[in-house]
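[1] here is my input, please return the structure:
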Amino acid sequence: MRLSLFAILFLPGLLAFGQKNVASEMYSWKKPVTRVQENVFTSTLFEGSAQDMAFIQMSSVVVTAARKKTALAVPNNEEHLLLMKSGSLTLGMNDSIWTISRGSVALLLPDQKYTVLNSTADSCLYYLLRYRSRQPMDKGRGSLGGGSMVRDWNKIVFKPHDRGGIRNFFERPTPMCKRFEMHVTTLNEGIRSHDPHTHRAEEIVLVIDNKTEMQIGDTFYKGSAGDFYYLGSNVPHAIRNDGKGTCTYFAFQFE
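    Below you'll find the predicted structure:
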């Protein structure tokens, strides 16, 4: 008998107590292979805990073409971040509908109900980050931060600077996080964003264009589009454009 969508997407988080912290290293996109509904497949890219998170998981998800919407819901003890990799997705939430594509994100707070639909001929691919804080969640803090939201790549202003440019997606509190900040950096050819540095917040850097080299401690990783780096609290790191032309990557911190 096929497992329910809830069981495959959400049950691992209920069993995550005692897991090890996610390793600070490079991870890569994997083809989603586990069917959770007729047109939805997923694969786990990493899973574990973090300094401020009792449970954190990144998955790859594909939604193939369908005529009907798929109804989903975030568990009442988790938050989800959906980050589009390719294709087009119609997302419905709180009586609003968005059609989002590559680079767009949805921040989905606990208990949030939403629908997804791929009405195109091509598959829709996205990353799904799930997490649950070690400290009790604060729903009031999340409401003050603005509730669940969608950020459309095409509506985020690009601000050039001497090293390339930046797109600021958001910086806000959530029920699970005192601070969740997300931006996209475009880095000119051959340069490093900064010298190796540390910060308390955990960070994920996800490459969406061209090639990068990330130093994590004393180890250097080569990552290209679809790869991402997990950076634990106070782990020294620095990223460099390792390709021809500009490179572009998401960076998001949470604590």
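[2] low-confidence stretches in this structure?
    The model of the chain has pLDDT under 70 over residues 1-18.
[3] domains of it?
    Domain segmentation of the chain under automatic domain parsing yields 5-135, 154-254.
[4] of the ones you listed, which is nearest residue 147?
    In terms of Cβ to Cβ, the element of the domains of the chain nearest to residue 147 is domain 5-135, at 6.3 Å. To be clear about C-beta, it is placed using only N, CA and C from the backbone, and glycine gets the same treatment.
[5] rewinding a little: with distance to residue 144 and mean neighbour count added, can I get the domains of the chain in CSV?
    Below are the domains of the chain laid out as CSV (distance: least, Cβ to Cβ, whole Å; neighbours: other Cβ atoms under 10 Å):
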stretch, distance to residue 144, mean neighbour count
domain 5-135, 12, 18
domain 154-254, 7, 17
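[6] would you turn these into CSV with distance to residue 141?
    Listed next are those as CSV, based on distance: least, Cβ to Cβ, whole Å:
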stretch, distance to residue 141
domain 5-135, 11
domain 154-254, 5
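[7] closest one to residue 148 among those?
    Closest to residue 148 of the domains of the chain, according to Cβ to Cβ: domain 5-135, at 4.8 Å.
[8] pull the contacting residues for residue 200.
    51, 233-234, 255 (Cβ atoms under 8 Å, 6 or more residues apart in numbering).
[9] with secondary structure and distance to residue 60 as extra columns, can I get those in TSV?
    Compiled in TSV, the contacts of residue 200 are given as follows (DSSP: H, G, I helix; E, B strand; the rest coil; distance: Cβ to Cβ, whole Å):
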residue	secondary structure	distance to residue 60
51	coil	25
233	coil	25
234	coil	28
255	coil	25
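[10] report the two of those separated the most.
    The span of the contacts of residue 200, defined through Cβ to Cβ, is set by 234 and 255 at 11.3 Å.
[11] ok, now how distant is residue 132 from residue 74?
    Distance of residue 132 to residue 74, given as Cβ to Cβ, to the nearest Å: 11 Å.
[12] ok, residue 99 to residue 250 distance?
    Taking Cβ to Cβ as the measure, residue 99 falls 20 Å from residue 250.
[13] typo on my end, residue 178
    For residue 178, the distance to residue 250 equals 20 Å [Cβ to Cβ].
[14] without its sequence neighbours, what residue ends up closest to residue 113?
    Nearest residue to residue 113, sequence neighbours excluded (Cβ to Cβ, 6 or more residues apart in numbering): residue 73, at 4.7 Å.
[15] OK, contacts around that neighbour?
    By Cβ under 8 Å, 6+ apart, the neighbours of residue 73 are 111-114.
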